[in-house]
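> Give me coordinates for this.
(one chain, ligands or ions: 1)
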Amino acid sequence: MWVIQAKGLKAFYILHILGHTKIVKAVNEVDLEVLENEIYGIAGESGCGKSTLLKALLGVTIAPLRLISGQVLYRKDGEELDVYALKPEELRKLRWTFIAYVPQGSMSVLNPVRRLSRTLEDFLASHEGLKGRRQLMARAKDYFHELGLPPKILKAYPHQLSGGMRQRVTIALATLLAPKILIADEPTTALDVVVQRGVLQMLTDIHRKLANTLVLVTHDMGVHANVSRRLGIMYAGKLVEEGEVSELFTAPLHPYTRFLIKSLPKLGDKGSREGVPGMPPSLSELPSGCAFHPRCPLALPICREKEPLLSKEKPGHRVRCWLYLREGP
Ligand code: SF4
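Sure, this is the predicted structure:
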């Protein structure tokens with residue numbers, strides 16, 4: 001059963017520069033369902049709209065980002081909530097208790113001039129009120145301990161911690177109130193491989209402990225291969241392929257997905273890896289037809305003219321490519 005559903009979601013950046021209006025189509029007609037208790041991965045190169053999609057799923061469309069059309073629904077206690085129809089106060093109440101977010105860059109989350117204990121107190125006071133604050137702090141300390149975070153770090157300022165430790169603290173804060181959905185945006189970027197492994201282990205341990213849903217955004221296909229259960233591949237603001245990770249990695253359909261998988265290093269393979277040819281398009285000047293056609297070695301004449309729809313190739317496996325459309329060229 002789904003817990004997040006996006007229908008025809010369009011969220012664009014509308015920029016006014018020197019008297020000109022520029023429209024950046026970061027999320028363009030995205031339809032997806034994230035299921036209860038799964039790890040849903042979102043992959044794609046930098047600048048394909050992954051982080052903006054997360055913002056749109058969270059209902060955080062702050063100018064210049066604007067919701068153009070479509071809907072985001074959450075299923076909470078059997079009830080469907082239309083995120084963009086909720087009042088700001090109703091949305092605020094859902095944050096951290098129902099849906100939580102680990103943004104990119106832990107330094108931007110933690111207040112650099114406050115010790116972590118004060119940040120934790122502020123967080124608890126704003127979300128749970130001041131009543132029972134001492135018990136809440138004790139609960140928070142127990143939770144940190146359970147996650148293997150030493151109690152002494154609460155006395156530290158963010159800059160005194162390593163990048164990996166700061167990221168772990170950010171994840172601990174985001175999951176303190178046991179959210180049903182956790183959305184993590186590039187949680188392992190800029191960390192070395194050993195620290196990355198620890199952060200991913202922490203995320204999956206929390207996912208198991210809370211039996212919740214994890215939406216994991218990363219451009220690192222190796223992380224998805226090890227952690228995600230289903231995967232959505234984004235290109236130029238659109239979902240171009242979606243399926244079970246096991247199937248996507250063994251039988252990818254979209255030429256772009258095939259390149260992403262081929263670029264992964266393999267054990268014992270000393271040859272050079274092949275990356276995706278060319279450069280991603282600007283989201284404000286998208287090519288006609290299939291946005292991947294200037295980079296696609298399999299492009300057909302129709303690919304330059306008409307955009308393919310996202311079709312269901314097999315149960316649970318969708319792809320946006322003319323090569324698989326029955327009514328195609
Ligand atoms: Fe390549 Fe055409 Fe498929 Fe786009 S629709 S990925 S250009 S074959």
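> count of residues packed around the residue in the stretch 101-250 of the chain that the ligand sits nearest to?
Nearest residue of the stretch 101-250 of the chain to the ligand: residue 240, at 7.3 Å (CB to the nearest ligand atom). Every C-beta, even on glycine, is put in place using the N, C-alpha and C of the backbone. Per other CB atoms under 10 Å, the neighbour tally for residue 240 reads 25.
> Next, count neighbours for the nearest residue to it once chain neighbours are set aside.
Closest residue to residue 240 apart from its sequence neighbours, by CB to CB, 6 or more residues apart in numbering: residue 320 at 4.5 Å. For residue 320, the neighbour count with other CB under 10 Å is 25.
> tell me the phi and psi of residue 320?
phi -110, psi 90 (degrees, to the nearest 10).
> give the contact list for it.
For residue 320, the contact set (CB atoms under 8 Å, 6 or more residues apart in numbering) comprises 238, 239, 240, 241, 254, 290, 308, 309, 310, 311.
> State the distance from the most centrally placed residue in the chain to residue 203.
Centrality entry for the chain: nearest residue to the mean C-alpha point is residue 217, 3.3 Å, by CA atoms, centre = their mean. In this view, residue 217 and residue 203 are 12 Å apart by CB to CB, to the nearest Å.
> what is in contact with these two at once?
residue 184.
> Check what pLDDT residue 68 gets.
Looking at residue 68, its pLDDT is 97.
> Repeat that for residue 139.
80.
> That one is in what secondary structure piece?
helix 133-146 (DSSP states H and E).
> Give the buried residues for that helix.
136, 140, 143, 144 (16 or more other CB atoms under 10 Å).
> Without its sequence neighbours, what residue ends up closest to residue 119?
With CB to CB, 6+ apart, the residue lying closest to residue 119 is residue 111, at 5.3 Å.
> For the one you found, list the residues it contacts.
Applying CB under 8 Å, 6+ apart to residue 111 gives the contacts 118, 119, 122, 158.
> And it, how far from residue 258?
Applying CB to CB to residue 111 and residue 258 gives a distance of 44 Å.
> Likewise for residue 216?
21 Å.
> Tell me which of the two has more neighbours.
Comparing residue 216 with residue 258 by other CB under 10 Å, the one with more neighbours is residue 216, at 28 against 18.
> With adjacent residues omitted, what lies nearest to the closest residue to the ligand within the stretch 1-150 of the chain?
Closest to the ligand within the stretch 1-150 of the chain is residue 44: 13.6 Å, counting by CB to the nearest ligand atom. For residue 44, ignoring the flanking residues on the chain, the nearest one in space by CB to CB, 6+ apart is residue 234 at 3.8 Å.
> Residue 189 too?
Closest to residue 189 by CB to CB, 6+ apart is residue 104, at 6.6 Å.
> And for residue 23?
Here the residue nearest residue 23, using CB to CB, 6+ apart, is residue 12, at 5.3 Å.
> Does that neighbour touch residue 69 like I think?
No - using CB atoms under 8 Å, residue 12 is not in contact with residue 69; the gap is 9.9 Å.
> So which of these two has more stuff around it?
Neighbour count, other CB under 10 Å: between residue 12 and residue 69, residue 12 has more, with 23 against 11.
> what's the following helix or strand after the helix or strand where the more buried one lies?
Assigned by DSSP H and E, residue 12 belongs to strand 2-17. Following strand 2-17 in sequence order, the next helix or strand is strand 20-35 (DSSP H and E).
> hmm, back to that, ok, the strand holding residue 12: who's next to it in the sheet?
strand 20-35 (antiparallel), strand 65-76 (antiparallel) (DSSP bridges).
> Could I get the contacting residues of the residue lying closest to residue 318 once chain neighbours are set aside?
Leaving aside its sequence neighbours, residue 318 sits nearest to residue 242 (CB to CB, 6+ apart; 4.7 Å). Contacts for residue 242 (CB under 8 Å, 6+ apart) come out as 32, 230, 231, 232, 233, 310, 317, 318, 319.
> The residue lying closest to the last one once chain neighbours are set aside: neighbouring residues, count only.
Counting by CB to CB, 6+ apart, the nearest residue to residue 319 once its immediate chain neighbours are dropped is residue 253, at 4.4 Å. Other residues within reach of residue 253 by the criterion other CB under 10 Å amount to 22.
> what separates residue 253 from the ligand, distance-wise?
9 Å (CB to the nearest ligand atom, to the nearest Å).
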